[in-house]
Structures are given as C-alpha cells and as structure tokens.
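**Student:** no sequence for this one, just the structure:
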C-alpha cells in the first residue's frame, strides 16, 4: 500500500556537528536499504529546503510507523503522512 | 525536470452534471495522454478527497504551466507546485 | 486497518430541503449498513457542529476511498483521513 | 461522557534520555491503568508521528482535566479536547 | 457542566430580509428562554462582529448539541465549543 | 467594561521548579485578589490545557493592560483580548 | 478610549452596481461625519486592497459596536477590533 | 509617506534582566527621539500584549528599514509593515 | 520606489466568458502600458496558478494604490503588497 | 529558468556575535558572486524584516538547490521557492 510522506528535518542546534553527521550517515544508509527493499519507493529533495517528499510501499500502517519512527533522524523531523489510493485516470506504469 | 503537484478539485455547484461529466472525461483523456508521453509521471488519489498528488517530468516551468493551465478542470482546481531536486540518498530507481 | 476520519458537512444553500433530506436519509442508511458490516467502527457527532469523528476498519486505502467517495453526502463534505497504527500502550480491548 | 483527545508529544531536548524514559514508562503504566478502568476508552498512534488520538469516557470536564493534567508527559504535550455527542446514525455498538 | 461557545453568524445573501428577520426574532426568543432556564449562562457580543462568546451550563454533551443544533440560526453559524473545567484559582462566585 | 481574555501559559523549561512554583503561588494570590475586587469576573480552566478563559470588568484598556502585564506569569503567557459589547438578546443576569 | 480597527470590504457579486454605489456614498458620508465628531480618529487605505486601518476614539465597547454595526457597508465587511492602551514610550502628541 | 507597523517583542530568556533593561531604556529613548522628529507618528500599546501598533512617516522604504532595523530591540521583534495610502473618505485632520 | 506585489485572480463564475475575456484583454493592454512606462517593472506567472508575482516602481503608496485599484481585474483579485528596501548585498544591476 | 525565492533569516541566539558576523560576510561575498554570474538576478530587502525576496536564474532545480543549500546562512534560514513561468502580458524587458 502506498503512503505519501513529507519529512522536514530540524537539526538540533545544541548537538556537536560530528554527532549529527553520524546520524545523517545512518539515515542515508537506512534510506538506501529501504529503497533497495522496495519499501521507500520514491525520495525527492524539496528544492531549497532540508525536507523531502517520499512515497512508501508497505504492508500496513504499523509497518509504516515502525519504519518512520525508527529512522535515525526521526527525533528531529516533522512528518506528515497521506494514504494514497488508486486514481481512476492512472495508467499502469504511473501508480 | 520533476515537479511535485497537488491538485484539489472543487466541482462547480451551478453546472449541469452532464456538462461537468464531459469535462471529467476530457480531463481523464488528457491525463492518460500525458502519462503515455511520460510527462505526468505519477498520479495518485488522496484517500477520502477529490484531490491528487502528482509528479510531472517536463522541460521547464513554462511547459509545466502550459500543461496545467490547459487541463479541462483547471478552472475548478487549486494547484500547488513544488520543484523537486535530486535527494543525496536516492538510489537509481527511486527518483 | 484503522483510519481516523473527520467529516464536515456543508449543506448546499441552493438545494430544495426535500432533496437534501433524501440525501441525508440515504447517508444514514449507508452509515448504518457500514457499521453493521464492521467497516465504520465508530461514529461520533462533534458537539455543536455538523461534523463527525469516525474510525473505519477496512482492508486498504482503496476500499476506504471507495466507501467515502460514494457516500451520498460526499459532494458536500470536507474529509480528512489519518492512518492509525497500534499504540504501544494500548491494552487489548482499547484499539 | 465521551471526549475526543489529540495529544502531541514534544520530548524535551535538554533532559537526559534515562530520565525521559522513566517518564515514558510512568505514562505507559498510567495509560494502561486508565484503560483498565474504562476511562481511556481508545488509544491509537497517529502513523508517522509522536502523537495519538484517544477517546476518554469520564464523568465530567473536571475529571477529564484532572486525568490529562496529571499524566507524566503532560508538560511535554499539546492537547486538544473535543466533546463528542451521540450521532443520530450511530448503531448501538459503534458509539 | 460549563461549555465555552463562540458563534459566528453568516447571514445568507440570497434570503429575503423579512425571512431572515423572522429567524433572528426566533433566535432571540430562544436565547432568552434558555437564559431564563439557566442553561445559556452568559451571552456577550464580540465588539465589531456578528458573533458572540457564550457560556452554557447543561447536563452533558448531548444536551449541548441538542440546544445548539436546533437554534434557528444554526444553519448560518460557525460554532466552536470548549469544555470548561474548574480553575484552581477561582473563588466561589467567579466560576 | 468587559473584556474576554484567553491566556496560555508556557512554563520556562530552564527555570528551577521551586522558582516557578513561587510564581504560580503569586499568580494565584493575585488572581484571587482581583476576583475579590470584582475585576477578574470569571476564570475558567480550558479542559486539557494549561490555559484559561477569563472575563475582566475594568474601567478601561489602560487598567486592563496594567493588570495583565503585571501578572506574575505574564512573561510566560500568550494573551488574547477581545472587547465584549452588550448582546441584544442578553437578559439582565447573563451579561 | 482608542480602538484599532481593520475593515476588509467584500462587495457582493449579485448586487446591482448602482445599489452598491449608493451604499458606498452613504458609508463615505457616515465616515466623514464620524471623523468630524472626533470618533473616527484615523482612516487609512491599505495600499492595494479594498480595506482600511482605522483608529476610533469612543466612550466604550458598546458605542464602538453601535457605530461599526450600523455602517452602511457593515454586512459586507470583515472587521477586527484591538483595544489600544497607552504606550510607556509615547510622547504627548503621538497617542 | 505613511507606514503601518506592528511590532511584537519576544524578550530573550537567556539574557540577564539588567542587560535587557538597558536595551529597553535605549529603545524608549530612540522611540521618543523619532516621535519628536515626527517620523514615528503614532505609538500604541496592544492591550494585554508586549506589542505595539505604530504609524511611521518617512521619506521612503529605505529610511523606514533603516529606522526599524537599528532599533535596540530589533533582534527580539517580529515586525510587519503595511504601506498606507490616502483613503477617499478621509477628512483633512484624520490622515 | 519598489513594491513587491502578489496578485491572485479569481474569475467570477457568473460572468459570461465573452465579458470576462474583454476584461482580460483590457488588463493585458494596461499591464503592457504600465510596463512600457517603467512602472510595472517585473511580471511573472506563478507556475500552475492564475496568479503573478510583480515588482512595481512608482513614486509612492498613493500612486501604487491608484494603479492597482483601477486594474480591470481588480475586483476579482486578492493583492498583497510588500515594500522593498535596498539589500546591503545587492550589486548595482540586481536591484 | 527563473525561481522566486523568499528567505527569512533567524540568527542563532547562542552563537558569538563575531562568529555570526563572519557568516554574514561570507554570505554577502557569495551573494555578490552569484549576482555577478547572473544566477541571483534580483535581491531585495523586505522592509522591516531580516528577510529578502530574490529571483534566481539557473539551469534547473538541482542547481538551485545546490546554490541555496550551500549558502553560509542556510542553516539559519527559512526558504520558500516558487517556479516562475512566462506571463502572457510580459513585454520583453520585464521578465
């Protein structure tokens, strides 16, 4: 099932840069792993912002929440989830 | 270039149903054509709403505006456009 | 799967009362049917408003959208959908 | 009487993780106790967020405020309360 | 139990003035009746607006919704309800 | 003259609990004094929030501002003031 | 006593231009009369909008509401009122 | 030329009171100087808030920005500027 | 002096297309005239919307309001004006 | 391709003034460089605010994001990007 997700990252002012860089590297590794597994189907940078639009393809709400809430940057993100249904005008390869 | 687009449709109260149905059919035909051409890359229904999230892949802002502003339902839609950049954690097939 | 839904009804000013009453009766019948089927799990009136909070239990986003978008009052409602995951502090009979 | 409640948790940046974990454990224990007493009737995680939708069943506003304002995480939560009335289309087991 | 209520009236443009005046007179009569019964405890005009702040004192949410939703001007009002609890610093005659 | 006031308290994270408790005690004493003087006519807790709705009865804007801006918790509050006029449907004891 | 007022005018689409022009002329006459009486102390056009910022000097909330609610354009305006207190840094001729 | 300005002051939590008092004294001195020069034409306290509505009369946008951005409290203020045009219903002494 | 202006056009539903087309042609002619005069310095379409961002260069607020409020589409536009000052990092040809 | 950009700067409270001044100088140097290259086409100060409206002329979204996200003040800015299309009423030298 598909979920549209917007994530806005708010880096903590009071964390040492090196520590935050480690979190970012862990986030990147996790994001790539989830993309390879086909669960994080799309990941786009919102131009000009430390934010992304993403589409996830997971079994259900619990799997989605489990994935999002364990992302290394989760404590520093605002996340907005929208369930996506099939659009009647969508052709096969655009869903 | 990729653009994230949200469209919310507000059907006019004072138009005959048959006339609006014609517009919807024209919109569907145009949406399918643009998908086949690869310009309307993704089209998802927002669950519970007469609205969609879409991703367009076009040459530039002018082509995007030309496409959106000539959609048959354009006069009845609120449209919000966000330019999408490449995300540093995106793997090849998820952009 | 559970979805939290808020519906706000905006009755059309320009529809004859009898015609709208027919829609309301059809909405009520459909709501009761969906409750009996176990798909519309909770339905509460928001005090002081022509609006409700509901919880749906359906197979997936497509079933939810199919149900909501064919409600008799759908053209006159603003609907907001939130996917619900299991809460780690929920005991068995409170989900 | 039923109250719809949304709680958004904002963990304090400047508290030691162990101390906050103790608060979370106390919150969980209290939530389970209130569920067993039948006062916290529903508790759902909002997917992707450190937030929940809940339904409380208590005697009156004062009891509700007493419960909410003494939750261990109360100082770190935004809380929004909506009184729920009976919906005319609700069948017996869906209220 | 006390409820804080804000009502904003939006008179319909397309109703004959005489018809709306009849509704206003009925609203006034009902408001006075509810005040005499002690249920509409306070009623203040918001300066400069066709709106009021009110406090209701009724048995429960259902009675409140029953009263508000049958006000003659209900179809033309936006209503916002807030449950009021006892404040720890309130002295006897200020609640 | 009557003023409707909403106050939302945001306790400072970085103040010692004992120091803030002293402020709260001073606030309570001042609130009770103003109620006894008939200037703070109503004081209600907004259920579920560290906030109140109040009604003040003072000579003019300057007296109101003088009272509000010297409340012990003033530096930690968001305050919203609305002037209240007489409502044409108010009966004598409900103003 | 001074009140800051913002008025936004929304001319009705379905009124004949001549009829609205009559209302505008009546509004202008009333505004000038109130200015001559010293009650409408300041009146400025917000550049680019059919709106104004004004300052009224009247005895109390009831007089203000009486004036505003009987303006010829009142049914077509959104009005926002803010009570103004004396500023400690104001010199004599700037209040 | 006239500009309507709203300033909201947010005193820094982490500055010593004596240091902030010095800034406030400097701000007051500068405000009085600008009023005497006729550039800060009006200055009113928004009742209940650490905020003001002001009207400036300066040569152009650059002079306005120069004045506002060098106010001693500028780093702690949210400022909103609105250009004011002549209102067609303004009589001579109310502009 | 420079002003940043955003205009959002809301075509009236109840006007004949031919009549609105005449207004649009008049608006276009006026816009071109003002550009040739150097007063409407920039005019850009906001991609996907019936809206524009513009920059005007006029003598003062009154001239700006005079120009905007007599645009043929003024009655159908929401307009937001922001005064622009010189930026300290602007080089000569970028203001 | 043209992009409209609004940047709001929020200087960090906890950074030494000298360190922030260094960032500002670097930002100024970079802004001037980008203007000389013709990529930062316009740069205006929003009067009364630590904010600017800008227009960028770059090859694509990725170049824009690359430029914005490496500005020295990027970690302290809110940035909002709007793609600009050609307006049908624009004459040659006003785009």
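**Tutor:** Now that the structure is in, tell me what you want to look at. As the structure is a computational prediction, the values presented were derived from the model and not from experiment.
**Student:** What ranges in chain A fall below the confidence cut-off?
**Tutor:** A:93-95 (pLDDT under 70).
**Student:** Just want the angle from the longest strand seen in it to strand C:77-86.
**Tutor:** If each strand of chain A is counted by residues according to DSSP state E, the longest one is strand A:77-86. Here strand A:77-86 runs at an angle of 110 degrees relative to strand C:77-86 (axes from the mean of the first three to the mean of the last three C-alpha atoms, to 10 degrees).
**Student:** Does chain J have contacts with strand A:77-86?
**Tutor:** No: using C-beta under 8 Å from any C-beta of the partner chain, strand A:77-86 stays clear of chain J, coming no nearer than 13.1 Å. C-betas here are computed from N, CA, C, even on glycine.
**Student:** Mind listing what's buried along that strand?
**Tutor:** Under the neighbour-count criterion of 16 or more other C-beta atoms under 10 Å in any protein chain shown, strand A:77-86 has A:77, A:79, A:81-86 buried.
**Student:** Against which helices or strands is it packed?
**Tutor:** With contacts taken as 3 or more C-beta pairs under 8 Å, 6 or more residues apart in numbering or on different chains; DSSP states H and E, strand A:77-86 sits against strand A:2-9, helix A:61-69, strand B:40-46, helix C:61-69, strand C:77-86.
**Student:** what sits up against the longest one?
**Tutor:** By C-beta atoms under 8 Å, 6 or more residues apart in numbering or on different chains, the surrounding residues in contact with strand C:77-86 are A:3, A:61-62, A:64-66, A:81-83, B:47-49, C:1-10, C:55, C:64, C:68, C:71, C:95, D:44-47, D:53.
**Student:** Redo the buried residues of strand A:77-86 as CSV? Include distance to residue B:31.
**Tutor:** CSV is the format used below for the buried residues of strand A:77-86 (distance: C-beta to C-beta, whole Å):
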residue, distance to residue B:31
A:77, 33
A:79, 29
A:81, 25
A:82, 20
A:83, 21
A:84, 16
A:85, 16
A:86, 13
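**Student:** So which of those residues is the closest to residue G:90?
**Tutor:** Residue G:90 lies nearest to residue A:77 out of these, by C-beta to C-beta, at 45.5 Å.
**Student:** Roughly how far does the closest one sit from chain C?
**Tutor:** 17 Å (C-beta to the nearest C-beta, to the nearest Å).
**Student:** How about residue A:67?
**Tutor:** From residue A:67 to chain C the distance is 11 Å (C-beta to the nearest C-beta).
**Student:** Can you name the residues of chain A sitting close to chain B?
**Tutor:** For chain A, the residues found near chain B under the criterion C-beta under 8 Å from any C-beta are A:2, A:4, A:27-28, A:31-32, A:35-36, A:40-47, A:52-53, A:55, A:82-91, A:93-95.
**Student:** rerun at 6 Å
**Tutor:** A:4, A:28, A:31-32, A:35, A:42-47, A:52-53, A:82-85, A:87, A:89-91, A:94 (C-beta under 6 Å from any C-beta of the partner chain).
**Student:** show me the contacts for residue A:68.
**Tutor:** If a contact means C-beta atoms under 6 Å, 6 or more residues apart in numbering or on different chains, then residue A:68 has A:79, D:48 as its contacts.
**Student:** so, in contact with chain J or not, the helix ranked longest in chain A?
**Tutor:** Secondary structure of chain A per DSSP state H: the longest helix is helix A:17-36. No: taking C-beta under 6 Å from any C-beta as the criterion, helix A:17-36 and chain J are apart, separated by no less than 10.4 Å.
**Student:** How far away from the center of its chain is that helix?
**Tutor:** In this view, helix A:17-36 has its centroid 12 Å away from the chain centroid, taken as C-alpha atoms, centre = their mean, to the nearest Å.
**Student:** hang on, the earlier thing: please work out the angle formed by the directions of the longest strand of chain A and strand C:2-9.
**Tutor:** Using the same axes, to 10 degrees: strand A:77-86 against strand C:2-9 is 80 degrees.
**Student:** so the residue nearest in space to the middle of chain A bridges to which residues?
**Tutor:** Residue closest to the average C-alpha location in chain A (C-alpha atoms, centre = their mean): residue A:54, at 5.3 Å. When assigned by DSSP bridges, residue A:54 has beta-bridge partners residue A:5, residue A:43.
**Student:** Verify the contact between it and residue A:4 for me.
**Tutor:** No: counting by C-beta atoms under 6 Å, residue A:54 stays clear of residue A:4, with 7.6 Å between them.
**Student:** and for those two, which residues touch both?
**Tutor:** By C-beta under 6 Å, 6+ apart, no residue touches both residue A:54 and residue A:4.
**Student:** and residue A:27, how many neighbours does it have?
**Tutor:** When neighbours are counted by other C-beta atoms under 10 Å in any protein chain shown, residue A:27 registers 18.
**Student:** and the gap between it and chain J?
**Tutor:** 16 Å.
**Student:** again with residue A:18
**Tutor:** As for residue A:18, its distance to chain J is 16 Å (criterion: C-beta to the nearest C-beta).
**Student:** ranking the helices and strands packed on strand A:77-86 by burial, who's on top?
**Tutor:** strand B:40-46 (a mean of 23; mean count of other C-beta atoms under 10 Å in any protein chain shown).
**Student:** by contact count, what packs against that strand?
**Tutor:** On a contact count with 3 or more C-beta pairs under 6 Å, 6 or more residues apart in numbering or on different chains; DSSP states H and E, strand B:40-46 meets strand A:77-86, strand B:51-57.
**Student:** Three-state assignment for residue A:59, please.
**Tutor:** Secondary structure, DSSP: H, G, I helix; E, B strand; the rest coil: residue A:59 is coil.
**Student:** Against residue C:68, how distant is it?
**Tutor:** Plainly put, residue A:59 is 22 Å away from residue C:68 if you go by C-beta to C-beta, to the nearest Å.
**Student:** Residue numbers of chain A in contact with chain F?
**Tutor:** Residues of chain A lying near chain F (C-beta under 6 Å from any C-beta): none found.
**Student:** Distance check, residue A:44 against residue J:6.
**Tutor:** Taking C-beta to C-beta, one finds residue A:44 at 21 Å from residue J:6.
**Student:** ok, now residue A:8?
**Tutor:** Counting by C-beta to C-beta, the gap from residue A:8 to residue J:6 is 17 Å.
**Student:** Not counting sequence-adjacent ones, nearest residue to residue A:60?
**Tutor:** Leaving aside its sequence neighbours, residue A:60 sits nearest to residue C:1 (C-beta to C-beta, 6 or more residues apart in numbering or on different chains; 5.4 Å).
**Student:** Confirm for me that that neighbour is in contact with residue A:62.
**Tutor:** No: counting by C-beta under 6 Å, residue C:1 stays clear of residue A:62, with 8.5 Å between them.
**Student:** Stretch A:9-21 spans what distance, first to last residue?
**Tutor:** Stretch A:9-21 has its terminal residues 13 Å apart, counting by C-alpha to C-alpha, to the nearest Å.
**Student:** Spell out whether stretch A:14-24 and chain D are in contact.
**Tutor:** No: figure legend: stretch A:14-24 not in contact with chain D (C-beta under 6 Å from any C-beta); closest approach 6.6 Å.
**Student:** Show me how far that stretch is from its chain's centre.
**Tutor:** Using C-alpha atoms, centre = their mean, the offset of stretch A:14-24 from its chain centre is 19 Å.
**Student:** tilt between the longest helix of chain A and strand A:2-9?
**Tutor:** Using the same axes, to 10 degrees: helix A:17-36 against strand A:2-9 is 170 degrees.
**Student:** which other residues reach helix A:17-36?
**Tutor:** A:11, A:40, A:72-73, B:89, B:91, B:94.
**Student:** Against chain G, how distant is residue A:9?
**Tutor:** Taking C-beta to the nearest C-beta, one finds residue A:9 at 36 Å from chain G.
**Student:** Is it correct that that residue is in contact with residue A:50?
**Tutor:** Yes: counting by C-beta under 6 Å, residue A:9 does reach residue A:50; the two are 4.6 Å apart.
**Student:** angle of the longest strand of chain A against helix C:61-69?
**Tutor:** 80 degrees.
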